[in-house]
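**Q** mind folding the following:
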Amino acid sequence: SFLCATSYWCVCLKEEERKAENVAGIIGESVTFQLNFSEPFKSITLQRKKKQNFNNVAILKLEKNYCAVTEIFFTSFEERLDVSEDCKRIKIFHLTQEDSATFRAEIPIPQKDEPLNLFFNLQVFSKYLLMWDFHVFKAFLKLKGLGLAVS
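**A** Got it, this is the predicted structure:
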């Protein structure tokens with residue numbers, strides 16, 4: 001099904017992605033994806049959806065209670081990712097318009113066949129976007145019953 005707001009944002013969402021957290025950012029600023037889960041884990045793969053496919057952005061590994069980015073697959077994300085010690089907050093710095101996408105944190109859980117997937121719909125706005133358009137976007141999300149986290 002389609003979820004569309006102003007002419008700035010239209011995306012096709014699969015059923016599992018409908019529960020995604022909507023995150024708004026401003027070009028040049030940063031956003032943080034808060035991963036809310038309690039299951040034990042050892043790694044997280046951050047993925048970005050472009051053209052209907054998810055592609056790996058980075059792999060995070062938790063070793064001895066410390067999280068580290070062990071691999072980055074896109075040079076555009078080098079020097080722009082930071083993670084908390086527990087891997088549950090992923091921060092993207094220096095946002096660009098190209099960062100607007102659906103992101104997935106894929107988390108393999110021991111003794112489970114399927115990984116835990118957490119979704120984030122990131123929409124990056126220009127600093128000069130008319131506030132009216134931003135308010136229309138927020139109102140649309142509220143109408144659809146979707147939350148909006150603004151970093």
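**Q** can you show me the strands along the chain?
**A** Under the criterion DSSP state E, strands of the chain are mapped to 2-4, 10-12, 21-26, 31-34, 43-50, 53-63, 66-72, 81-83, 89-92, 101-107, 116-125, 148-150.
**Q** including mean pLDDT and mean neighbour count, could those strands go into JSON lines?
**A** Heads up, the C-betas are built off the backbone N, CA and C, glycines and all. Converted to JSON lines, the strands of the chain look like this (pLDDT from 0 to 100; neighbours: other Cβ atoms under 10 Å):
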{"stretch": "strand 2-4", "mean pLDDT": "42", "mean neighbour count": "12"}
{"stretch": "strand 10-12", "mean pLDDT": "46", "mean neighbour count": "13"}
{"stretch": "strand 21-26", "mean pLDDT": "92", "mean neighbour count": "20"}
{"stretch": "strand 31-34", "mean pLDDT": "97", "mean neighbour count": "18"}
{"stretch": "strand 43-50", "mean pLDDT": "95", "mean neighbour count": "20"}
{"stretch": "strand 53-63", "mean pLDDT": "95", "mean neighbour count": "17"}
{"stretch": "strand 66-72", "mean pLDDT": "94", "mean neighbour count": "14"}
{"stretch": "strand 81-83", "mean pLDDT": "96", "mean neighbour count": "17"}
{"stretch": "strand 89-92", "mean pLDDT": "97", "mean neighbour count": "20"}
{"stretch": "strand 101-107", "mean pLDDT": "97", "mean neighbour count": "21"}
{"stretch": "strand 116-125", "mean pLDDT": "94", "mean neighbour count": "20"}
{"stretch": "strand 148-150", "mean pLDDT": "55", "mean neighbour count": "14"}
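**Q** nearest to residue 139, of those?
**A** Evaluated over these, closeness to residue 139 peaks at strand 148-150, with 10.0 Å, by Cβ to Cβ.
**Q** residue 37: neighbouring residues, count only.
**A** Per other Cβ atoms under 10 Å, the neighbour tally for residue 37 reads 13.
**Q** residue 112 is in contact with that one, correct?
**A** No - under the criterion of Cβ atoms under 8 Å, residue 37 is not in contact with residue 112, lying 11.8 Å apart.
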